Structure formats: structure tokens, C-alpha cells
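[1] following is a predicted model, sequence given first.
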Amino acid sequence: MPGDDVVLELPAALRSELKEPLGPIYTDTEALLAAATRPIVAVGDIVTYHLLAAGHTPAVALVDERTKRTDVEDDVREAVVDESPFEQTVAVENPPGTLTDALLTALQSALGREPAATTLIVVEGEEDLAALPAVLAVVEGASVVYGQPDEGMVLVTADEAARERVRSLIERMDGSHRPVLDALEG
């Protein structure tokens, strides 16, 4: 696997299954916020940008300054990263198609911090798979929001059904899934 830090890697056979959204898709940010339960974890620059533009700073946001494999527009980067409203910012490395120990640790730390501080996790590489561990790491009933390219924002409520689907996906990834599941669900 690339890098010593990689814990899980997405096999090619699982890519098509990940295209199926884990929850309902919203194109209206206000409607999504009305349906979401706090705390909210946002995965992706555009999703985070829309939540911030609607006046809501997520508890945790994971961004990589890219969307659909290209750099985000300057106004998105400025609003999310350069002029970040988050109380703290953490940088981690996470190669495409993987979940690294650094990303998982930063996510757990941000969600477990007392008192809670809004956290922006800036990923060097790719944050796309971070929605999976986020669904397991947030408190029961919290929301994870991620982008569905060219469709909208997916709202996942961290309930038992969503967590079971995510567990199944993680268990089929290449690498040491049991320590990841134990740590995130512990």
C-alpha cells in the first residue's frame, strides 16, 4: 500500500458501490440544514462552502481544495480555507482512494474534543472517503454531509442502518479494518 500511514485502501471492485448515496440528496442547503441533526460533519470543499454560505459552520469539515479532480474556485478556497471561520485547523496527508491513520486520528480528535471546537481538516491528497469513518465516529443521530458530483449534497444520519452499511464497506476495503472499526466505534 502507498505510504506507511495508509490504514485502508479502496479496492477497484468497491468503487461502483460507493457511487450509491448513503442518504437523501439535497440541492437546497436550507432544506438540508432543516433536516440535519447537529453536530454536522461536512466532507468536501463545495459542501462546506454551501453550509458556510448558509450561515452554518459544521462541527468538523474535511476539505482538499479540489472538486471533481480540479482545484476549487478562488472564492470557495477563500471562504473555506483562507478566511476560515473554524476555531482550529489541522493538516493531514491522505492519498487518493485511502484512509490514513493521520486522517482518522484528526477526525476522532476533532469529534472528541471537549469543549467542542469547530475544526477544519485540510487534506493533502483526497478527502473523498472520509464520510465513511465520519458516519461511525459521530454521536448517534448526528449528520454527515458529503457531495454527490453533479447531483447535490448527501445527508447521512448516523443511525444503525447507515452505520451497518458503512461497516460493510469498510470491512471490504484492503487493509486492517478491525482496528479502524474498533477505534471509531469505541
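    Received, thanks.

[2] quick check: Leu18 vs Glu65, distance?
    For Leu18, the distance to Glu65 equals 21 Å [C-beta to C-beta, to the nearest Å]. No exception for glycine: its C-beta is placed from N, CA and C like everyone else's.

[3] right, I mislabeled it, should have said Leu32
    22 Å.

[4] repeat for Ala183
    According to C-beta to C-beta, Ala183 and Glu65 sit 27 Å apart.

[5] just Leu181 next, same as before
    As for Leu181, its distance to Glu65 is 29 Å (criterion: C-beta to C-beta).

[6] same question, Asp182
    32 Å.

[7] of these two, who's got more company?
    Between Asp182 and Glu65, counted using other C-beta atoms under 10 Å, Glu65 has the larger neighbour count: 15 against 9.

[8] for that one, give me the pLDDT.
    As predicted, Glu65 sits at a pLDDT of 96.

[9] swap in the one 3 residues further on?
    On pLDDT, Lys68 comes in at 86.

[10] can you count the residues close to the spatially closest residue to it that is not a sequence neighbour?
    Computed as C-beta to C-beta, 6 or more residues apart in numbering, the closest residue to Lys68 that is not its neighbour in sequence is Pro149, at 5.6 Å. Burial of Pro149 is recorded as 12 neighbouring residues (other C-beta under 10 Å).

[11] show the backbone phi and psi for Pro149.
    phi -50, psi 130 (degrees, to the nearest 10).

[12] how close does it get to Gly55?
    Distance from Pro149 to Gly55, by C-beta to C-beta: 25 Å.

[13] so Ala162 touches Val156, yeah?
    Yes. Counting by C-beta atoms under 8 Å, Val156 is a contact partner of Ala162 at 5.3 Å.

[14] the helices in the chain, which residues?
    With helices called from DSSP state H, the chain shows them at 12-18, 29-35, 45-53, 74-77, 101-112, 131-137, 160-171, 177-185.

[15] what about dumping the CA coordinates of the first one to PDB?
    Presented in PDB, the C-alpha positions along helix 12-18 are these (Å, rounded to 0.1, in the frame of the first residue of the first chain):
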ATOM      1  CA  ALA A  12     -11.400  -1.200  -7.600                       C
ATOM      2  CA  ALA A  13     -14.300  -3.700  -7.100                       C
ATOM      3  CA  LEU A  14     -15.900  -1.400  -4.400                       C
ATOM      4  CA  ARG A  15     -15.800   1.900  -6.400                       C
ATOM      5  CA  SER A  16     -19.100   1.400  -8.100                       C
ATOM      6  CA  GLU A  17     -20.900   0.600  -4.800                       C
ATOM      7  CA  LEU A  18     -19.600   3.900  -3.400                       C
END
